[in-house]
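[1] fold the following, please.
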Amino acid sequence: MSSGKPWVVFVLGAPGAGKGTQCQLICKEFGFIHLSAGDLLRAECNAKGSQYRQLFESHTRNGTILPVEITLKVLEKAMKSSSTGGEPSDGRVGKFLIDGFPRNQNNLDGWQTAMTRKADLKCVLVLDCPPDVCIDRCLTRGRTDDNTDILGKRIDNYLSDTLPIVEYYRRLNLVREVNANFPPDQVFQDVRQIFHTLK
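    Numbers count the residues shown, from 1 in each chain. Below you'll find the predicted structure:
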């Protein structure tokens, strides 16, 4: 690996705001690697003999967030394994979309302690979408942990825990907000303009 820091863009939004869909489009056009904190944690906790399975299941039932130490271990492991496959043409060690992180103050504190010196945070992409639209979208995607009660808790947690993180980054002029209450291709037109400005 070279000494250059990898680029990181945090992608935030309520469950169902379209983070995964937009990340796929960004990766296709701009060469980023998509790391979904939730998907990585699910995979880690479903792995045979996982020490985190019961903890993960408990947090899923309650719509709460795993301790940041676990999330950071999983994210850093994924970043390192993705970066070893060859450096992108701009000579950096990787460009990552981290989807669904940081979701609360504990996540933010953990990132700043463990990762600030290791990664170059370019911006925080926020997908803004009304809660009722988010819930409707989630209920049609067929995931086992998507039901009205759990989704309500997750959206409440987003509003109470994640929006203050968005405001923190807004004060640092790092937030790029997009109205996500449109079809994915239309949302991506605004997202594309943001990514063309990254340097």
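
[2] got the contact list for the one helix or strand in the chain whose mean pLDDT sits lowest?
    Taking all helices and strands of the chain together, the one with the lowest average confidence (mean pLDDT, DSSP states H and E) is helix 53-62, at a mean of 74. Contacting residues not belonging to helix 53-62 are listed as 41-42, 45-46, 50, 65-66, 70, 145, 150, 153 [CB atoms under 8 Å, 6 or more residues apart in numbering]. No exception for glycine: its C-beta is placed from N, CA and C like everyone else's.

[3] mind listing the helices for the protein?
    With DSSP state H as the definition, the chain shows helices at residue ranges 19-30, 37-46, 53-62, 68-83, 105-114, 131-139, 148-157, 163-171, 184-196.

[4] any stretches of this protein with poor pLDDT?
    1-3, 63, 83-93 (pLDDT under 70).

[5] got the phi/psi numbers for the residue of it most remote from its centre?
    Ranking residues of the chain by C-alpha distance from their mean position (CA atoms, centre = their mean) puts residue 49 at the top, at 25.7 Å. Comment: the main-chain dihedrals of residue 49 come out as phi 70, psi 20, following degrees, to the nearest 10.

[6] please name the residues that touch it.
    Counting by CB under 8 Å, 6+ apart, residue 49 has no contacts.

[7] ok so, going back, which of the helices of the chain sits closest to residue 99?
    Distances from residue 99 to each of the helices of the chain were compared by CB to CB, and the smallest falls on helix 19-30, at 4.8 Å.

[8] count the residues that sit near residue 150.
    Neighbourhood size, residue 150 [other CB atoms under 10 Å]: 18.

[9] can you give me the distance of it to residue 144?
    With the distance defined as CB to CB, to the nearest Å, residue 150 ends up 10 Å from residue 144.

[10] among the contacts of helix 53-62, which two are most distant?
    Considering CB to CB, no two members of those lie farther apart than 50 and 153, which are separated by 23.3 Å.

[11] run the angle between the least confident helix or strand of the chain and helix 68-83 for me.
    Orientation check (axes from the mean of the first three to the mean of the last three CA atoms, to 10 degrees): helix 53-62 against helix 68-83 gives 110 degrees.

[12] convert the C-alpha atoms of helix 53-62 to CSV, please.
    Output of helix 53-62 as CSV, limited to C-alpha atoms (Å, rounded to 0.1, in the frame of the first residue of the first chain):
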residue,chain,number,x,y,z
ARG,A,53,-24.2,-13.2,16.8
GLN,A,54,-26.3,-12.9,20.0
LEU,A,55,-25.3,-9.3,20.5
PHE,A,56,-26.2,-8.4,16.9
GLU,A,57,-29.6,-10.2,17.2
SER,A,58,-30.4,-8.3,20.4
HIS,A,59,-29.6,-5.0,18.9
THR,A,60,-31.5,-5.8,15.7
ARG,A,61,-34.7,-6.6,17.8
ASN,A,62,-34.4,-3.4,19.7
